[in-house]
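A.B. asks: got a predicted model here, sequence first, then my questions.
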Amino acid sequence: MNVWIAIALTAAGCYLVKLLGLLVPAGTLERPLVRRLAALVPVALLAALTAQQTFSSQGALTADARAAGLAAAALALLLRAPFLVVVGAAVLVTAGVRALGG
Amino acid sequence: MAEQTAPPDARRDATAAGPAKSDSAVVRDALGVGIAVGLSGFAFGVTSAGAGLSLLQTCALSLLVFTGASQFALVGALAAGGNPFTAAAGAFFVGTRNAFYGLRLSQLLALRPLARPFAAQWVIDETTAVALAQPDRRSARLGFTVTGLTLYVLWNVTTLLGALGAEAIGDTAAWGLDAAGPAVFLALLAPMLRSATERATAALAVLLGLGLLPVLPAGVPVLAAALAAPAVLWFRGREAHGRQPAGRRSDGRQSDGRQEDGPESDGHQEDGRPTGGRRTTEGRPEDESR
């Protein structure tokens, strides 16, 4: 039930925020401070999410095979690999390290 | 997913030099982006199933939310044991950037009021990138529609297949599939780290997100990490204020001149200064107006 509440809230919120952009008169959200915050908040959230989902397990900090996978993804990004290759590299390296007992 | 669209954009810019563009060229570009990104729904389906969501819940997310980063953020937060409200709040804030895409698109596409509620669901990174890269309104509408339709259909089909595949696999962690979520976030984040302001924000957010993880309830540390954005802007603003007198004298030739002539100089000065001053000295004044 909790999951459905989260899905409903996210679906409604994400749809309304998309619609908002199409409906409000141009210029309302164009204040530079608002635009800067809107550009920076996703940066902060994505960075925190990347770190947490790599270095945590059951609410505690850990370093396991996912760290190696993320390093592989970072390398793939530096080499300008396509999106799917970046994700694939992380998955393969993580699985490989785990198979080797990491 | 934003990252994925960059290479086709660059190509398109080169070909879009002419005044008009054939419909087939627009459709080809749109299909390229739609198919490549649509396939990554596999990663979402697998991650969502691995996080413990049912098949129906996973598919509902792709059908109803349809903005990848928010979907990954939500299932990640739920898997970590976050309550539904903090999990949804994190996903919502990740999705707020779409409002700014909509703002651009509503001018570019000039949609009829009745069409807007239907177009809204497709206002995401990829459709915006394709539409903005077109030379005229007709091509922009075609590019938006074809990218949106291709991506919506594929993203949902691959989500279903990914979730079914994960159920067949069983232990997704043994296959390294729990690394897909963070890799997706990193791929989305990387192209955003254009200047020192973005990098400082990301670094502070990582510290907050990891540092608060052991002490706050699940899901809350991510929201707290979002405060890195206003904190860095505020700090940059103070820094700019403190430096201004000295800066005028030493390198005033560059930063002052650029600010006066810049496109943002008409009336935005008081708000624009915090990072604007930094950006211009770094030679990237047009970051936001992209």
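C.D. replies: Yep, it's here.

A.B. asks: where does chain A get nearest to chain B, which residue?
C.D. replies: As assessed by CB to the nearest CB, chain B sits closest to A:G21 within chain A, at 2.0 Å. (Glycine included, C-beta is placed from N, CA and C.)

A.B. asks: where does that residue fall, phi/psi-wise?
C.D. replies: For A:G21, the backbone dihedrals (degrees, to the nearest 10) come out as phi -60, psi -40.

A.B. asks: need the contact list for it.
C.D. replies: Going by CB atoms under 8 Å, 6 or more residues apart in numbering or on different chains, A:G21 touches A:L29, B:N98, B:A99, B:F100, B:Y101, B:G102, B:L103, B:R104, B:L105, B:S106, B:V123.

A.B. asks: what ranges do the strands span in chain A?
C.D. replies: Secondary structure of chain A by DSSP state E: the strands cover A:56-57, A:60-61.

A.B. asks: single out the most deeply packed of the ones you listed.
C.D. replies: Per-stretch averages of neighbours, counted by mean count of other CB atoms under 10 Å in any protein chain shown, single out strand A:56-57 among the strands of chain A, with a mean of 16.

A.B. asks: for it, the averaged confidence score.
C.D. replies: Strand A:56-57 carries an average pLDDT of 86.

A.B. asks: count of neighbours near B:T201?
C.D. replies: B:T201 has 29 neighbours, counted by other CB atoms under 10 Å in any protein chain shown.

A.B. asks: now it: closest residue in space, sequence neighbours ignored.
C.D. replies: Using CB to CB, 6 or more residues apart in numbering or on different chains and skipping residues adjacent in sequence, the residue nearest B:T201 is B:V232, 4.6 Å away.

A.B. asks: and that neighbour, which of the three is it?
C.D. replies: Under the three-state scheme (DSSP: H, G, I helix; E, B strand; the rest coil), the conformation of B:V232 reads as helix.

A.B. asks: on the pLDDT front, check it for me.
C.D. replies: The model's pLDDT for B:V232 equals 96.

A.B. asks: ok, it - contacts?
C.D. replies: B:V232 touches A:L40, B:T197, B:A200, B:T201, B:L204, counting by CB under 8 Å, 6+ apart.

A.B. asks: most neighbours, which of those residues?
C.D. replies: Neighbour counts for the contacts of B:V232 peak at B:T201, which has 29 neighbours (criterion: other CB under 10 Å).

A.B. asks: pull up the per-residue confidence for the residue of chain A positioned farthest from its centre.
C.D. replies: Most distant from the centre of chain A: A:P25, at 30.0 Å, with distances by CA atoms, centre = their mean. Per-residue pLDDT puts A:P25 at 78.

A.B. asks: ok, the one 3 residues further on next?
C.D. replies: Note on A:T28: pLDDT of 69.

A.B. asks: now do the one 4 residues further on
C.D. replies: According to the per-residue confidence, A:P32 scores 85 in pLDDT.

A.B. asks: quick one: what helix or strand has B:L74 in it?
C.D. replies: In the assignment (DSSP states H and E), B:L74 maps to helix B:68-79.

A.B. asks: now for the single nearest residue of the stretch 101-250 of chain B relative to chain A: which residues touch it?
C.D. replies: Going by CB to the nearest CB, chain A is nearest to B:G102 of the stretch 101-250 of chain B, at 2.0 Å. Contact analysis of B:G102 by CB under 8 Å, 6+ apart lists A:K18, A:L19, A:L20, A:G21, A:L22, A:L23, B:A120, B:V123.

A.B. asks: top of these by number of neighbours, please.
C.D. replies: Highest neighbour count within these, by other CB under 10 Å: B:V123, with 31 neighbours.

A.B. asks: report pLDDT for that one.
C.D. replies: 95.

A.B. asks: spatially, which residue comes closest to residue 49, not counting chain neighbours?
C.D. replies: Just so you know, I chose chain A. Nearest non-adjacent residue to A:L49 (CB to CB, 6+ apart): B:F185, at 4.9 Å.

A.B. asks: sorry, should have said chain B
C.D. replies: Once flanking residues are discounted, B:A49 sits nearest to B:A166: 3.6 Å by CB to CB, 6+ apart.

A.B. asks: make sure the one you found is indeed in a helix.
C.D. replies: Yes. Counting by three-state DSSP, B:A166 is part of a helix.

A.B. asks: just checking, it touches B:A174?
C.D. replies: No. Taking CB atoms under 8 Å as the definition, B:A166 is not a contact partner of B:A174, at 11.7 Å.
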